Each structure stands twice: as C-alpha cells, then as structure tokens.
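**Q** quick one, what's the 3D model for this:
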Amino acid sequence: MMHTLTNRDSDHDPTEIKLTLAAERLSQQQKQQSLIMQYCFVEGSFADLARDLAEYLHITADVEPLLEANTKDEVLKRLVTASANLNTYPEKEFTAAYNLLVYLVMQSPNVNMFLPRMCDNLSKPIASSSLNGPGLALNVLTTIFNLLSPDNEVRFNVFQAILRLVKVSGAYETLRPQLKKLDQWLEEWDLDEEDQRKLFGQLADVAEDVGEDGESYEYILKSLRTFPSAEVSTKEAQDLSLRALKAALVSPTHFDFHDLTSLPTIQALSDSHPEHSELLEIFSEKELEDYNDFRDENEDWIEKEDLNNSVLHRKMRLLTLASVAASTNSRELEYKRIAKALQIPTEDVEMWIIDVIRAKLIEGKMSQQKQVFLVHRTTYRVFGEKQWREVATRLDQWRTSLRSVKEVISRERQQAEAQKEREIHEVERKVAGASGMGAGRRPVGGRDNMIEMGTD
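**A** A predicted model of the protein is given here:
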C-alpha cells in the first residue's frame, strides 16, 4: 500500500490522492460490513436493532432516551453492561442475541472500548447451559476475533479469553489448526516479552490439560526464551525452568537435552537448584553408573521432587546404550559390553536394543550367532572435545582403510596392465612367427621349381 501511494504522489495532485484514499477507506469499511453480515446474519438500522436488543434485555427505558439523543456509544455501554444477563437466558437464544450485540458494537469507531467487558462476560459460566455453555461462548468469541482487523490490539485480549474457554471446555482440538498462525499473530500484535510469556504459558497449560505434553513442553520453552538476561534468576523464571526440566526428564520421547542446557534460565539453576542442575547434566552427557551414584546420594530428594526413579532409571539405560554405541570404534558392539554398561543380564540385551531402536537413538542389526550388535547409525547425546577425538580416530581409521583399498586397487591395476602387456607380446610373437614361416616356403608349381627340375 505504501509503495502504491508513493507512486501516486508523483503522478497525481493532492486532491486526487485524498479522494482515492477516501474511496479505499470506504471500500475497506464495506468489506468489513460484509464480513460482519456474513458472521452475524442481521440487518436493519442501528436504532431499530438496538431498540430490539434493549427490549430483549429489559432496559428499554434506559436506552430509548440515548437513542433519541443519537449517542450510540452510550447506548452500547448500556447494552454491553446488560449483556452479562445473557448468561442466564435460554441456550437457544444465546447465540442470536450475542450476534446482534456483536453486530451493533462493530458499528462503533470505538469498538475496543466495549470488547474487554464482553470478553469478561463470555468468560463467566453460562448458567442456562452448563454442558454447552463453553462452546456457545467460544463461538461468539471466535466471531469477534475474526471480525477484528489483524493488527487490532484487542485481538490479543480476545484470544486470551478464547484460551480460557478452551481450557475449561477441553476443546484444544478446535484450536490447534489455528495455532499455525500464532507467529503471524504475534508479529501483528507487536506484543512485548511479558505478554508473549503470558500467552505461551496459557497455551502450555491448555495443551497439558488435554494430555498434549509434547506441545505443552514446546510452549514452555518459548516462554523461557522471553526472559531477558537480567531476569533469568527471578522466581518466575526459575519455577518455569523447573517445570520444563521435570517435563523433559519424565517424558518417554524426549532424549535430547540440548534445548534445555542452552537456555540461560536453565543454566541459572546451577546456583539456585544444584541438584536439578546436576541431574540435567547426567541426562545430557553421562551414563547409568553416574545416575546410580546420584540416586544413592539423593534418594530422599528424588522422592520429594516427585520424580519417578523407575522412569528415570529406564531412560538412563536407553541413553547409556546410545552413548556406548556412539563411542565404539568398530561397527560391532558386543552384547557383553552392552550388558556391563546397562548392568543387566546378557539375555536381556536384545530387548534393550529393540527399545533403543524404537526410541530412534540408534539403528542397526542384531547378530544372535555372533552375539554382537551391528551399528548402522548412532545419536551423539553431546558433542564436545571427547566426541571430536572419536571422530578424528574414525577419520584416521577410514583414511587407513582407504589407503589400503587404494593400494590394492593400484596393485591389481598394475597386475592387469602387466598381464595385458604379456598378452599383447604373445600375440605379436605369434603373428611374427607366422609371417616368417610364410616367407621361407616355395610354391610347388612355381618357376624356380621348374628350373631346378630341368637342371637335373
């Protein structure tokens, strides 16, 4: 739009530009009006519709003088205030009445003055329909959200009201498809870090309530990233960090802890919550033996923090097997080495290998005959100096192997060339021998023979 106006400035006079802008504003208003009609399905003058709604809400005496004075915003104030009573009206009339109210409010140039109160009313229980009430209110709030322009600051407040209702009703599935637009909305709303944090926290709560722990965890991480460096040690930041850490530890599918260890708020736990920090370090880069030592020293603390030791112990075994597979210098990992690292009987090794493969930490093939696991792919839990040394060692091994292969190929090539030379020499020798025999032989009926016979 700005680019278009800039071009017009150079081609048209100011009067024409003003007329064009006015026409565009009128077109936008008409589109908005069409959208309102599409959602609300009402028509009629403002005064007539306001009078009908006032009569329905039993406030005609208050509204009529304001209509005669043509003070629309005052009329809307009375209607919005009285709309709180709609929560007690029959369920079948609720949506129609609210659609009419939404239609009237959207006519005002000061629409943002009325929407917070409406959102507050819709967030309260609907006494006339305890079962369907949240869904009815959610439909009205969704209509309001869709009618507002994308950059309207109140749209954020409406969305928060929607989240509160989704949390109450458990209707997260209806919201999930729309969350694909969340990044776009955040950009349009231009929220500060505190509001973003609040929004991500609400989304995390909503997802957690319906059992979507993975999505909840991702929103907690997003919330943690909104803390400035000066606030990473605040109680709010630390509480949220502990929540993220516990969720990651007990999750049956979360094995990469780099997303936590890289966060300043998590790093700050080393001072305020050393046990949590130590446990995170163990799950990030250490093995089962280290966890067992920690458990023995902090058994009461684990119970106090409501951390399930059996869950943690099992997860640590899976991570340990991944580490052992990643650190082996050859592709063959012996069963007895796995059994020792996981502290299990040899006969249980294959069961744990299957579990680690299912967790997508390693890929490979078991050889029952040789009692080894053939490693095809592994996941490094942490990549530091030790892992770089392992990579260097493997590169040296590959270089040595390639050099050997190259030498074999070179030797075979030389032998092949030598064999080819011998075959060529043999062919040439045979050709030369055949040519010599042909030159020394005399034809029986030739002239030389006749002369020799005549001499005799």
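**Q** just the mean pLDDT for stretch 424-440, thanks.
**A** Confidence for stretch 424-440, expressed as mean pLDDT, is 72.
**Q** swap in stretch 302-320?
**A** Mean pLDDT, computed over stretch 302-320, is 95.
**Q** give the buried residues for that stretch.
**A** Neighbour-count burial for stretch 302-320 flags 302, 307, 312, 315-320 (criterion: 16 or more other Cβ atoms under 10 Å). Placement of C-beta: from N, CA and C, glycine included.
**Q** again with stretch 108-128
**A** 111, 114-115, 118-119, 121-123, 126, 128.
**Q** dump the buried residues of stretch 302-320 into JSON lines; add distance to Glu212 and secondary structure as well.
**A** Formatted as JSON lines, the buried residues of stretch 302-320 follow (distance: Cβ to Cβ, whole Å; DSSP: H, G, I helix; E, B strand; the rest coil):
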{"residue": "Ile302", "distance to Glu212": "26", "secondary structure": "helix"}
{"residue": "Leu307", "distance to Glu212": "21", "secondary structure": "coil"}
{"residue": "Leu312", "distance to Glu212": "22", "secondary structure": "helix"}
{"residue": "Lys315", "distance to Glu212": "20", "secondary structure": "helix"}
{"residue": "Met316", "distance to Glu212": "25", "secondary structure": "helix"}
{"residue": "Arg317", "distance to Glu212": "27", "secondary structure": "helix"}
{"residue": "Leu318", "distance to Glu212": "23", "secondary structure": "helix"}
{"residue": "Leu319", "distance to Glu212": "24", "secondary structure": "helix"}
{"residue": "Thr320", "distance to Glu212": "29", "secondary structure": "helix"}
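**Q** end to end on stretch 169-176, go ahead and measure it.
**A** With Cα to Cα, to the nearest Å applied, stretch 169-176 spans 14 Å between its terminal residues.
**Q** which residues does that stretch contact?
**A** 134-135, 138, 162-163, 165-166, 206-207, 209-210, 212 (Cβ atoms under 8 Å, 6 or more residues apart in numbering).
**Q** just the closest of those to Glu417, please.
**A** Glu212 (67.6 Å; Cβ to Cβ).
**Q** if we can go back for a sec, and of the contacts of stretch 169-176, the nearest to Leu395?
**A** Nearest to Leu395 among the contacts of stretch 169-176 is Glu212, at 42.6 Å by Cβ to Cβ.
**Q** kindly state the pLDDT recorded for the closest one?
**A** pLDDT at Glu212 comes out at 94.
**Q** state the distance from it to Ala359.
**A** 20 Å (Cβ to Cβ, to the nearest Å).
**Q** now list the buried members of the contacts of stretch 169-176.
**A** Buried members of the contacts of stretch 169-176, scored by 16+ other Cβ under 10 Å, are 134, 138, 162-163, 165-166, 206-207, 210, 212.
**Q** where along the stretch 251-400 of the chain do the strands fall?
**A** Per DSSP state E, counting those that start in this stretch, the stretch 251-400 of the chain carries strands over the ranges 332-334, 362-367, 372-378.
**Q** between those strands, which one is nearest to Tyr217?
**A** The nearest among those, by Cβ to Cβ, is strand 362-367 at 23.4 Å.
**Q** TSV for the buried residues of stretch 108-128, including secondary structure and pLDDT?
**A** Formatted as TSV, the buried residues of stretch 108-128 follow (DSSP: H, G, I helix; E, B strand; the rest coil; pLDDT from 0 to 100):
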residue	secondary structure	pLDDT
Val111	helix	91
Phe114	coil	94
Leu115	helix	93
Met118	helix	94
Cys119	helix	92
Asn121	helix	92
Leu122	helix	92
Ser123	helix	90
Ile126	coil	89
Ser128	coil	84
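**Q** between those, which sits nearest Thr253?
**A** Distance to Thr253 across the buried residues of stretch 108-128 (Cβ to Cβ) is lowest for Ser123, with 34.1 Å.
**Q** Glu285: neighbouring residues, count only.
**A** 20 (other Cβ atoms under 10 Å).
**Q** partners of Phe373 in the sheet?
**A** Here Phe373 sits in beta bridges with Leu333, Met366, going by DSSP bridges.
**Q** can you tell me how far it is from Leu245?
**A** In this view, Phe373 and Leu245 are 32 Å apart by Cβ to Cβ.
**Q** neighbour count: the two, which is higher?
**A** Neighbour count, other Cβ under 10 Å: between Phe373 and Leu245, Phe373 has more, with 27 against 22.
**Q** list the contacts for that one?
**A** By Cβ under 8 Å, 6+ apart, the residues touching Phe373 are 325, 332-335, 338, 349, 353, 364-367.
**Q** buried subset of those residues?
**A** Neighbour counting with 16+ other Cβ under 10 Å marks 325, 333-335, 338, 349, 353, 364, 366 as buried within those.
**Q** now the residues you listed in CSV, with pLDDT and distance to Val427?
**A** CSV is the format used below for the buried ones among the contacts of Phe373 (pLDDT from 0 to 100; distance: Cβ to Cβ, whole Å):
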residue, pLDDT, distance to Val427
Ala325, 93, 57
Leu333, 95, 55
Glu334, 96, 55
Tyr335, 96, 58
Ile338, 96, 60
Val349, 96, 62
Ile353, 96, 59
Gly364, 95, 52
Met366, 95, 55
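**Q** tell me the one of those nearest Gln267?
**A** Out of the buried ones among the contacts of Phe373, the member with the shortest distance to Gln267 (by Cβ to Cβ) is Ala325, at 28.7 Å.
**Q** so that closest one touches Ile353, yeah?
**A** No. Ala325 is beyond contact range of Ile353, at 9.1 Å (criterion: Cβ atoms under 8 Å).
**Q** now do the shared contacts for the two.
**A** Common neighbours of Ala325 and Ile353 (criterion: Cβ under 8 Å, 6+ apart): 362, 364, 373.
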